[in-house]
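Peer 1: Can you look at this prediction? I've put the sequence above it.
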Amino acid sequence: MRSIRLTLLLWLSFGLCAGILAAAGLIYLQAREEANGLFDYQMKQIAVSLPRQAFQPMGPIVGDDLDIAEDVVIQIWDNTGVRIYHSHNHPSLPQRAALGFSNVATSNGIWRVFSAQLGGTVVQVAQPLSARRELAAKTALDTITPLLLVLPFLALFIWLAIGRGLAPLSLVARELRARNPNSLTPLSIASMPEEIAPLTHALNDLLSRLDRALDAQRAFVADAAHELRTPLAALKLRIQLVERAGDEAERKLAIADLHRGLDRASHLVQQLLTLSRQEADLTDKPSASVDLLEVARRVIVEQAPIAAQMGIDLGIDLGSPAIIAGDPVALEAMLGNLIDNAIRYTPAAGRIDISVSSDDAGVVLVVSDSGPGIPEADRERVFDRFYRIEGSPTQGSGLGLAIVKKVVDRHRGEIHLGEGPGGQGLAVTIRLPRS
Amino acid sequence: MHLLLVEDDAMIGESVVKGLRQEGFAVDWLHDGDAAELALQTAKFDLMLLDLGLPKKHGLDVLRALRTRGDHLPVLILTASDAVPDRVKGLNAGADDYLVKPFDLDELVARIHALLRRQAGRAEPVIRYGTLTLNPITRETNVDGKPLPLSAREFSLLRAFLDRPGAVLSVTHLQEQMYSWDDEVGSNTVEVYIHALRKKLGPAFIKNVRGVGYMVTKSP
């Protein structure tokens, strides 16, 4: 796009020129009108002021070739039609003319002619119309010349004025250039003109949203890196123990330990990926048709062996299909984390119940266990990533409930943590809208 | 040498305990700040390995309380945070050294030895006593330049004596030097090892101070 300044300058200059030309035309028309009136009056006066009976027939005046072509030509005839006087020879003029004013076309252009019967003579005063037009044109030209002369100065002034008017734009540009991902402070908008203020407001809004998003990302990466250190430290130590193992039996034990360490690190990475995927997809509403009961059954089948190994009774109430619009992968991750948490925290010989029911508004999922529950004070914070309840015995990734919350948010649902049946253990109640 | 490890992560704790026991240290492992605080007030250790992000009581608070009590116990911080301000905070709170996770087991052992050496006021890594040299790092003992084979317990016991020659050491103290809490210790185990050492180094090497304990003389 061309510069606003140049565009404005061109248009304003064009407008000014057009205005001046129009003014010149108007002045010309008006001046010609006035000249007509004035000269007609003059011609009449000349005719009237000529002395009557003063002329005898006379020959043409010598010096015909005087350059007075534009001037007034006077001819006088007597009663018999004999020209008794003419100011200077102009053969192209008609010899007779109607009395009063008339325009006569000649080979030298149009002439304005005034004829009058004065006593025994007919007096004719003639003048080329071109003389009047020239006068009008000269008047018009004289009037607009100063205007045309100041036009360049006017243009310069316009150029400067536009530059001044647009200065806030370059200020905004300069301020924006100073921004980078590390400094997204808002632009100063105190002195912005009202035309630019909406732009800077919108930019500031964008900047602050970007800043928040970047902060969240940075915090996430920092947290993730920090949390990865612990399993990595454990892995490193375990590898060294493998290296140091004195005999085959010791080495085998150490390698088994190493595998557990690797599983834990992979689990954490997997959880981080799941969480970041849920955060990235937070804006789009998932829309596949998912039967939550089916998902719950699938996850239970997956986790049943682990629960059985720990002597935990894991089961689901009979229910009817509970179909919602959602993201099947995310919902499976949500249920997987809920049940995994329940298994982690439920002591041996405990019980985990899952129920899925649906009503008009949507689907309700309840996962309740006979574990220690979550203290009232921690129920808000457990959704923060890497938050662990103090003194909690098991070693989770610290991301499970954060993932669950993100999935629920993405599905525009609600989550509630409460006591399990009989005020014991934890019951997680999730309500998801049908669509 | 009796070390206290305070670390809430099970896998790291297990590995460090295993690795350090292989190095001949007696290691006790606690999982939270409160337990560490209690242990520090009731038992004696030669060095503490301290994680900072502990449940119940933060590692730095444990450390500050320790220094406030005037305890000079060497403390090595083990933590996941490598930010300089955190390290400065740890050292200013009274830590002697700092290791960032993930760390190398060999480096950890080397730093432990360095701290113990400094605590004993030695610059040389090898402990000398007459013609006897004791290398805590390789756990080798030489007499007149010839290697003297010692078991891990015998070595720990000899080291306890040579760290403080001239000091009378109680049986309880010697026991603490040789064993962690979860080791099964018989009532006369220390005496059994003293007997073994006397056999290898001569009957007069370790002297019995009746009713108090045992000692080696200040100079050979």
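Peer 2: On my side now, so go ahead.
Peer 1: Could you name the helices and strands sitting against the lowest-mean-pLDDT helix or strand in chain B?
Peer 2: Scoring the helices and strands of chain B by mean pLDDT, DSSP states H and E places helix B:171-178 at the bottom, with a mean of 85. Packed against helix B:171-178 by the contact rule (3 or more C-beta pairs under 8 Å, 6 or more residues apart in numbering or on different chains; DSSP states H and E) you find strand B:26-30, helix B:152-163, helix B:189-201, strand B:213-215. For the C-beta atoms, the positions are set from N, CA and C on the backbone; glycine is no exception.
Peer 1: now the angle from that helix to helix B:189-201?
Peer 2: 80 degrees (axes from the mean of the first three to the mean of the last three C-alpha atoms, to 10 degrees).
Peer 1: List the buried residues of helix B:171-178.
Peer 2: B:V171, B:H173, B:L174, B:Q175, B:E176, B:Q177, B:M178 (16 or more other C-beta atoms under 10 Å in any protein chain shown).
Peer 1: The fourth one and B:A43, how far apart?
Peer 2: In this case it means B:Q175. 11 Å (C-beta to C-beta, to the nearest Å).
Peer 1: and if you look at the second one?
Peer 2: Taking C-beta to C-beta as the criterion, B:H173 is separated from B:A43 by 11 Å.
Peer 1: again, but for the first one
Peer 2: Using C-beta to C-beta, we find B:V171 at a distance of 15 Å from B:A43.
Peer 1: So what touches the longest helix seen in chain B?
Peer 2: Looking across chain B with DSSP state H, the single longest helix is helix B:105-119. Under the contact criterion C-beta atoms under 8 Å, 6 or more residues apart in numbering or on different chains, helix B:105-119 has outside partners A:236-237, A:240-241, A:244, B:1, B:3, B:15-16, B:19-20, B:23, B:25, B:46-47, B:49, B:72, B:74, B:76, B:78, B:96-97, B:99, B:123-125, B:136-137.
Peer 1: Surely B:L78 is in a strand?
Peer 2: Yes - B:L78: assigned to a strand according to DSSP: H, G, I helix; E, B strand; the rest coil.
Peer 1: And for it, the neighbour number?
Peer 2: By the measure other C-beta atoms under 10 Å in any protein chain shown, the count of residues near B:L78 is 23.
Peer 1: Quick check, it in contact with B:M48.
Peer 2: No - B:L78 is beyond contact range of B:M48, at 10.2 Å (criterion: C-beta atoms under 8 Å).
Peer 1: Which residues are in contact with the residue nearest the centre of chain B?
Peer 2: Nearest to the mean C-alpha position of chain B, by C-alpha atoms, centre = their mean, lies B:M1 at 3.0 Å. By C-beta under 8 Å, 6+ apart, the contact list for B:M1 reads B:G24, B:F25, B:A26, B:D46, B:L47, B:L116, B:P136, B:S156, B:R159, B:Q177.
Peer 1: Of those, which is the nearest to chain A?
Peer 2: Proximity of the contacts of B:M1 to chain A was ranked by C-beta to the nearest C-beta; the top entry is B:G24 with 12.7 Å.
Peer 1: Tell me the confidence at the closest residue to that closest one other than its chain neighbours?
Peer 2: In this structure, B:G24 finds its nearest non-sequential neighbour in B:A152, 5.0 Å apart by C-beta to C-beta, 6 or more residues apart in numbering or on different chains. Per-residue confidence at B:A152 stands at 85 (pLDDT).
Peer 1: how deep is B:A152 tucked in, by neighbour count?
Peer 2: Neighbour tally, B:A152, other C-beta under 10 Å: 14.
Peer 1: which residues sit against stretch A:142-153?
Peer 2: Contacts to stretch A:142-153, defined as C-beta under 8 Å, 6+ apart, come from residues A:S13, A:L16, A:C17, A:I20, A:L21, A:A23, A:A24, A:I27.
Peer 1: can you redo the residues you listed as CSV with pLDDT?
Peer 2: Compiled in CSV, the contacts of stretch A:142-153 are given as follows (pLDDT from 0 to 100):
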residue, pLDDT
A:S13, 89
A:L16, 90
A:C17, 90
A:I20, 90
A:L21, 90
A:A23, 90
A:A24, 90
A:I27, 91
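Peer 1: Select only the buried ones of these in PyMOL?
Peer 2: This is the PyMOL syntax for the buried subset of the contacts of stretch A:142-153, where burial follows 16+ other C-beta under 10 Å:
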select buried, chain A and resi 13+16+20+24+27
